[in-house]
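> sequence plus predicted model, see below.
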Amino acid sequence: MSFSLTAASTPSGLPCAEEGRLWLWSGHPTLAAIRTAGQEARAFLGTAGLPEEDLGAWELLLAEAGNNVALHGGEDDPDQVLDIEIFIFKNRVTARLTDRTEGFTWPDEVSLPDDDAESGRGLFIMEALTSSRSYQRHPCLNILTLERAFEGLPPAAAPAPAVAAATVPDPAQEEILDAMTEELSACYESLSAIFRFTAEARQCVSLTDFANRLLQHLVTVTGADCGMLRVVSGEDLTTIAANGCESPEACRLGQSPVPFENIAVATRQDHWIEADPARPSGQPQAGLIHPFFNEDELMGVLSIGRHHSSTPLDAGQVNIIHTFAEFFTQQVLSRRHAESAIKASIAHRELELAAEIQRSLLPYRLPVIPGLTLAGHCESALTVGGDFYDVIPWNNLGFFFVVGDVMGKGVGASMMAAVTRSVFRSLNQLHQTPARAMERAGRLLYDDLDRLEMFVTAAIGVVDLHLGVVRIANAGHCPVLVSLPDGTVVSAEPTMAPLGLDRNPACQEFSVPFLPGARLLAYSDGLIDPRDGRSPFPAPEDAAAWMAAHAPGHGSADDLKAALLQQIGCIPSEGPSTAQADDQTFLIITRESLPD
């Protein structure tokens, strides 16, 4: 913020006791804020009657001095504050800038930098446009004081000759300063445009429209009459914006014998267009082709040309081109990140829905059957997977169970698992034997699985409590293990290929006694996957051995489940990650022992 006042005294430290006017400004030193402060200071000085030459000089001085503060840490630190004080006396203006940045070292001698240099001109401007200047650098406070005498005052009020000589540069310096002022003005205008474009970019504007507006402004501030912006699309460059051309191709500079654009991309450097009598008519006589990158990734090419003049672009204009290209790159990356975030959010939601679907495949509550206990477990390697199990009452004589595994993981596998479960649920009451139900399921699912190039392994069974047997059909699945009351373990191996590999499958059926004291374990291959450090069994034989050792000692299905989960958790991972390699699913059924 700023304010002004007229006082009969001046702040301490300024060697003057005459009446003067004071203007103050304080704020966070951003480039935009400093530009605004310079405009407000110019307006204040104008009310005092300073000539136009002095008004322009002070606006330029404050911009250069303020930008030094911004560039030395003021803009990046939100706690930084820049204070500007301007004092108008009878024959001079004094400005004092106070900041708390790390500051810089004022050189003993200030000289004009080279034409293509990108820094060092601010100090030269301050030396040339002021009659005196001082810079005090302290660990916590820096003070820059600039003083300039009035121009065009009556002889009685004119400054001393030595001071006047110091404030009036020679004609060569004036020409240089005029060029630098014009260049700096263009830079500030470009910065202002970038701030405006940044606000517009937050709105729903297409990248093509945004690129055209950006290019149109760039052509104007660089004094060019044509330009083209091309971006990488796949393996090619596609024109996204063109200005000052009858067609986009007309903007492409120097297409023969080797396209200059290709040279710029290959060398990763700017390629200059210079006047050449041999160049075909209609081609620009001067210009620049600038390839721009994000790290090592080529993002696009920005070309600026002049038909009306062979004067090359100066260092300031090249700086503007680079700034605009970098700004456009950041907008492209920002849009990429936004699109990726949206896609990731959609994918995450789809996974959540798929996980909900998969959870719905598992019984909400296992049925309560007198004389039996049941327990199940299903854990996916990813958010969702292709494993499932189900238990369904069967003809009032017992129940039907299924444990299945769809090839693959993720959403596709979970969707196919839902279809497979539905098929088995529809068949369990229609067929008296698991073998016939398995064959029918194979025929129903074959076309879909073949088209998707997927397959399903499954083990199904019927526990017939009236006869005291369990009948099992196995299609390419892991062996179903039945521990008999005497400790013997029977393994129901697969007798049929996985569903989806045979249009007309034939299946054999196992019939195993399931009397009091018997235990059944049906599991997926995640428990015997050698890739997974959490897999408790290296091979099916190890699962059968574990069943023989533990089944007799655990009365209920929940007890046996707890022992198996402990076995899984006790196997350390030997790899760099503890993530599962495959889904882990099992179903345990126990028949209670008769009381002694």
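Everything's here; your move. Residues are numbered from 1 along each chain as shown.

> the helices in the stretch 51-200 of the chain, which residues?
With helices called from DSSP state H, counting those that start in this stretch, the stretch 51-200 of the chain shows them at 52-69, 121-129, 161-167, 171-201.

> one more: the chain?
In the chain, the helices defined using DSSP state H lie at 31-47, 52-69, 121-129, 161-167, 171-201, 207-221, 260-267, 315-361, 411-427, 434-452, 540-550, 557-569.

> could you dump these into a markdown table with distance to residue 240 and mean pLDDT added?
All C-beta atoms are positioned from the backbone trio N, CA, C, and that covers glycine. A markdown table is the format used below for the helices of the chain (distance: least, Cβ to Cβ, whole Å; pLDDT from 0 to 100):
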| stretch | distance to residue 240 | mean pLDDT |
| --- | --- | --- |
| helix 31-47 | 28 | 88 |
| helix 52-69 | 32 | 87 |
| helix 121-129 | 34 | 81 |
| helix 161-167 | 49 | 39 |
| helix 171-201 | 15 | 58 |
| helix 207-221 | 5 | 84 |
| helix 260-267 | 14 | 87 |
| helix 315-361 | 10 | 79 |
| helix 411-427 | 35 | 85 |
| helix 434-452 | 39 | 93 |
| helix 540-550 | 60 | 89 |
| helix 557-569 | 55 | 86 |
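
> do you know which of those lies nearest residue 472?
Nearest of the helices of the chain to residue 472, taken as Cβ to Cβ: helix 434-452 at 6.4 Å.

> convert the C-alpha atoms of that closest one to PDB, please.
Extracted as PDB, the C-alpha positions of helix 434-452 are listed here (Å, rounded to 0.1, in the frame of the first residue of the first chain):
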ATOM      1  CA  PRO A 434     -21.000 -81.900  -9.100                       C
ATOM      2  CA  ALA A 435     -19.400 -83.500 -12.200                       C
ATOM      3  CA  ARG A 436     -22.500 -82.800 -14.300                       C
ATOM      4  CA  ALA A 437     -22.700 -79.200 -12.900                       C
ATOM      5  CA  MET A 438     -19.000 -78.600 -13.800                       C
ATOM      6  CA  GLU A 439     -19.500 -79.900 -17.400                       C
ATOM      7  CA  ARG A 440     -22.500 -77.700 -17.900                       C
ATOM      8  CA  ALA A 441     -20.700 -74.600 -16.500                       C
ATOM      9  CA  GLY A 442     -17.800 -75.300 -18.900                       C
ATOM     10  CA  ARG A 443     -20.100 -75.300 -21.900                       C
ATOM     11  CA  LEU A 444     -22.000 -72.100 -20.800                       C
ATOM     12  CA  LEU A 445     -18.800 -70.100 -20.100                       C
ATOM     13  CA  TYR A 446     -16.700 -71.400 -23.000                       C
ATOM     14  CA  ASP A 447     -17.600 -68.700 -25.600                       C
ATOM     15  CA  ASP A 448     -17.100 -65.800 -23.300                       C
ATOM     16  CA  LEU A 449     -13.800 -67.100 -21.800                       C
ATOM     17  CA  ASP A 450     -12.500 -68.000 -25.300                       C
ATOM     18  CA  ARG A 451     -13.200 -64.500 -26.700                       C
ATOM     19  CA  LEU A 452     -11.500 -62.900 -23.700                       C
END
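
> same for it, what does it pack against?
Other helices and strands packing on helix 434-452, by 3 or more Cβ pairs under 8 Å, 6 or more residues apart in numbering; DSSP states H and E, are helix 411-427, strand 456-464, strand 469-475.

> now do the buried residues in that helix.
If you call a residue buried by 16 or more other Cβ atoms under 10 Å, then helix 434-452 has these buried ones: 434-435, 437-442, 444-446, 449.

> do the same with stretch 398-417
398-417.

> what's the closest of the helices of the chain to residue 471?
helix 434-452 (5.4 Å).

> starting at the chain centroid, how far to the closest one?
Averaging C-alpha positions (Cα atoms, centre = their mean, to the nearest Å) puts helix 434-452 44 Å from its chain's average.

> now stretch 554-563
Per Cα atoms, centre = their mean, the displacement of stretch 554-563 from the mean C-alpha position of its chain is 48 Å.

> what does stretch 521-532 rub up against?
Defining contact as Cβ atoms under 8 Å, 6 or more residues apart in numbering, one finds that stretch 521-532 is touched by 379, 381, 387, 389, 401, 403, 405, 457, 459, 461, 477-478, 480-481, 483, 535-540, 542-543, 547, 551, 560, 564, 568, 580-588.

> filter those down to the buried ones, ChimeraX style.
This is the ChimeraX syntax for the buried subset of these, where burial follows 16+ other Cβ under 10 Å:
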select :381,387,389,401,403,405,457,459,461,477,478,480,481,483,535,536,537,540,543,547,551,560,564,568,580,581,582,583,584,585,586,587,588
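
> out of the contacts of stretch 521-532, which are inside strands?
Judged by DSSP state E, strands contain the following of the contacts of stretch 521-532: 379, 387, 389, 401, 403, 405, 457, 459, 461, 480-481, 483, 584-588.

> need the helices of the chain in TSV (columns: distance to residue 502).
Compiled in TSV, the helices of the chain are given as follows (distance: least, Cβ to Cβ, whole Å):
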stretch	distance to residue 502
helix 31-47	73
helix 52-69	78
helix 121-129	82
helix 161-167	99
helix 171-201	58
helix 207-221	52
helix 260-267	56
helix 315-361	25
helix 411-427	16
helix 434-452	6
helix 540-550	23
helix 557-569	32
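
> between those helices, which gets nearest to residue 498?
Nearest to residue 498 among the helices of the chain is helix 434-452; the distance by Cβ to Cβ comes to 8.8 Å.

> run through who's touching that closest one.
When contacts are defined by Cβ under 8 Å, 6+ apart, helix 434-452 is touched by residues 400, 412, 416, 419-420, 423-424, 427-428, 430-431, 455-456, 458, 460-462, 471-473, 475, 496, 499-500, 502-509.

> now those: which count as buried?
Buried members of the contacts of helix 434-452, counted by 16+ other Cβ under 10 Å: 400, 412, 416, 420, 423-424, 427-428, 431, 455-456, 458, 460-462, 471-473, 475, 496, 499-500, 502, 505, 507, 509.

> of the buried residues of helix 434-452, just say which sits nearest to residue 491.
Distance to residue 491 across the buried residues of helix 434-452 (Cβ to Cβ) is lowest for residue 434, with 16.2 Å.

> beta partners for the nearest residue to residue 48 once chain neighbours are set aside?
Among residues not flanking residue 48 along the chain, residue 88 sits closest, at 4.9 Å (Cβ to Cβ, 6 or more residues apart in numbering). Each beta-bridge partner of residue 88 is listed here, defined by DSSP bridges: residue 21, residue 93.

> now do residue 88 against residue 98, distance only.
Residue 88 sits 19 Å away from residue 98, taking Cβ to Cβ, to the nearest Å as the criterion.
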